[in-house]
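>>> Have a look; sequence and predicted model below, questions after that.
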Amino acid sequence: MRWFVEKPASLRITRRGFLKVFGVTVAALAVGVYKVTDLFVHRNKYIKMRQRGQYEDDERVRKTYRLAASQQNPMIKRFYDEFAVQPFGDVSESLLHTTYFRRTGGF
């Protein structure tokens, strides 16, 4: 009957082998963290660009039509007169309002 003889720890993994594995692991984590951070930075940049565009459009429409509030906008008035019938109706609710849904799996 053969008995299992455990090798000493120094023979199972060498210092060089440990450093290789550790170095590759750290490099993979660093690249992953960089990519995730990069995604958030780009995402925030696009959100800010879109917000700036929305504010510029609002400012342009207010100056063009001399409006104090969005409900005075003739385009909105025409939309409700011709198409949506009433605010908070089914048509206006489905076309003008955002619906949010959960995008995460386990939360």
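Alright, I've got the coordinates. Numbers count the residues shown, from 1 in each chain.
>>> Run the chain-centre distance for the biggest helix by length in the chain.
Scanning the chain for the helix with the most residues, using DSSP state H, yields helix 15-65. Here the centre of helix 15-65 is set off from its chain's centre by 9 Å, with Cα atoms, centre = their mean, to the nearest Å.
>>> What does the pLDDT read for residue 11?
Residue 11 is assigned 60 on the pLDDT scale.
>>> likewise residue 49?
Residue 49 is assigned 91 on the pLDDT scale.
>>> burial count for it?
By other Cβ atoms under 10 Å, 10 other residues sit near residue 49. In this view, the C-beta of every residue, glycine as well, is placed from N, C-alpha and C.
>>> Buried residues, stretch 85-93. List them.
By neighbour count on 16 or more other Cβ atoms under 10 Å, the buried set for stretch 85-93 is residue 92.
>>> Going forward, count from 36.
With 36 as the first residue, the last one maps to stretch 120-128.
>>> Next, the distance between the ends of that stretch.
11 Å (Cα to Cα, to the nearest Å).
>>> What are the contacting residues of that stretch?
Stretch 120-128 has contacts (Cβ atoms under 8 Å, 6 or more residues apart in numbering) with 115, 118, 119.
>>> ok, now which ones touch the spatially most central residue of the chain?
Nearest residue to the geometric centre of the chain (Cα atoms, centre = their mean): residue 78, 5.5 Å. Taking Cβ under 8 Å, 6+ apart, we find residue 78 in contact with no residue.
>>> where does the protein dip in pLDDT?
Residues of the chain meeting the criterion pLDDT under 70: 36, 42-46, 141-142.
>>> what residues go with each domain of it?
As assigned by automatic domain parsing, the chain contains the domains 50-99, 102-133.
>>> Could you dump those into JSON lines and include distance to residue 40?
Output for those, formatted as JSON lines (distance: least, Cβ to Cβ, whole Å):
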{"stretch": "domain 50-99", "distance to residue 40": "21"}
{"stretch": "domain 102-133", "distance to residue 40": "67"}
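>>> Figure out which of those domains is closest to residue 39.
domain 50-99 (21.9 Å; Cβ to Cβ).
>>> what's the burial count for residue 113?
Look at residue 113: counted by other Cβ under 10 Å, it has 10 neighbours.
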